[in-house]
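>>> Model the following, please.
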Amino acid sequence: MQSNTSNLINILVLPSPPMQNGTKHISLMLVTAWKRIGLIRSLKYHLNRPCLEKMCMSFIRPLLEVGDIIWDNCTDQQKCDVESVQNETARIVRGVAKYCNINSMLAELKWDSLTNRRRKLFAIYKMNHSLSPKYLIGLLPTHQQTRYNLRTANKIPPITARTQTYQNSFLPATICIWNDLPLSVRSLPSLTSFKQSLNSNMSKSKSIFSFGSRSAQILHTRLRLGCSSLNFDLHRRSIVDSPLYVAVGRSKLSTTPLLADIRLRFLSDMPCPPILQNLLFGNENPSTDQNKVIFSRVQDCIISSRRFG
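Okay, here's the model as predicted:
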């Protein structure tokens, strides 16, 4: 027990370069994660989005966050490798292509980056509020006794680091982040309220995005995120030369009788103005049932046109 405690203190406090053990841990973690992603990828056209998201949250993300406050002082390339696992997981859940914008995709899912999710501040909160073991609480620097009421009295004294490696390690780096938090947040009475304050900007993804069959859901999402097979989206990615539809051996898309009939059926009795924002993201004002009508019409048009398959 004493040996394990000493090892943990050395990891948290002493300056150390990226460790071989840490590198080995990340390598094994990535190998395991990509194997699991391969299994989930084979199901992405058979399971709906909520099921895929639960599988990823249960089998992928926990694997990427084991001991993350310890190995967070790894190289930038290793951090990118870990982030790429979550990015691929998001692509599977959304059913989008690899060239889809990562930020837009994560924003729609309401997923934070793994770097931001490494809530080292939780550990500091517990250490600063005597919720951790004594051997961890004793690692925090304390203010020297003084009779003056200093502005920094409510902050943890920063740790002076002579090397960038030590500055990026757990205690020096996290203490700086902690001191930048408002006093009202640092003084919250419980760890639960502290977590809620840090996660206040993250909300659940729109449930309407999971509406419809998996195939229609994927095509609708690709339109929403600008990575569909339309020439307009392909041109933005420099995949085709022109953003315009070019008819080859048949009438133009805009005058095809079949598509004219689809548009007429699609636009009739819409519960909201058929503007692009409403058709792709739903309307903020109508009820969920009304948004289901909107998405049902849109997906019916997408499937019936056979333009996106």
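
>>> And the helix or strand containing V31, what does it pack against?
When secondary structure is defined using DSSP states H and E, the element that contains V31 is helix 20-41. For helix 20-41, the packing partners by 3 or more CB pairs under 8 Å, 6 or more residues apart in numbering; DSSP states H and E come out as helix 49-59, helix 61-64, helix 68-71, helix 76-94. Glycine gets a C-beta too; all of them are placed from N, C-alpha and C.

>>> let's see it at 6 Å
Using 3 or more CB pairs under 6 Å, 6 or more residues apart in numbering; DSSP states H and E as the contact criterion, the elements in contact with helix 20-41 are helix 76-94.

>>> and the next element down the chain from the helix it packs on?
With elements assigned by DSSP H and E, the helix or strand that comes after helix 76-94 is helix 102-109.

>>> what's next to the following helix or strand past that next one, contact-wise?
Stepping forward along the backbone from helix 102-109, the first helix or strand reached (DSSP H and E) is helix 114-117. Residues outside helix 114-117 that contact it (CB atoms under 6 Å, 6 or more residues apart in numbering): L64, V82, E83, Q86.

>>> want to throw these into JSON lines with neighbour count, pLDDT and distance to V298?
Shown next, in JSON lines, are these (neighbours: other CB atoms under 10 Å; pLDDT from 0 to 100; distance: CB to CB, whole Å):
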{"residue": "L64", "neighbour count": "20", "pLDDT": "88", "distance to V298": "34"}
{"residue": "V82", "neighbour count": "22", "pLDDT": "91", "distance to V298": "36"}
{"residue": "E83", "neighbour count": "16", "pLDDT": "92", "distance to V298": "32"}
{"residue": "Q86", "neighbour count": "23", "pLDDT": "91", "distance to V298": "29"}
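
>>> any idea of the angle the helix holding V31 forms with helix 49-59?
Angular relation of helix 20-41 and helix 49-59 on a 0 to 180 degree scale: 160 degrees, by axes from the mean of the first three to the mean of the last three CA atoms, to 10 degrees.

>>> re the thing from before, now render the contacts of helix 114-117 as a markdown table, adding distance to K110.
Written out in a markdown table, the entries for the contacts of helix 114-117 read as follows (distance: CB to CB, whole Å):
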| residue | distance to K110 |
| --- | --- |
| L64 | 17 |
| V82 | 20 |
| E83 | 17 |
| Q86 | 13 |
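
>>> Setting aside sequence-adjacent positions, which residue approaches C100 most closely?
In space, not counting the residues next to it along the chain, C100 is nearest to C227; the distance is 4.0 Å by CB to CB, 6 or more residues apart in numbering.

>>> could you check the distance from the closest residue to G282 other than its chain neighbours over to P172?
Here the nearest residue to G282 in space, its sequence neighbours aside, is N291; by CB to CB, 6+ apart that works out to 4.1 Å. Here the distance between N291 and P172 works out to 48 Å (CB to CB, to the nearest Å).
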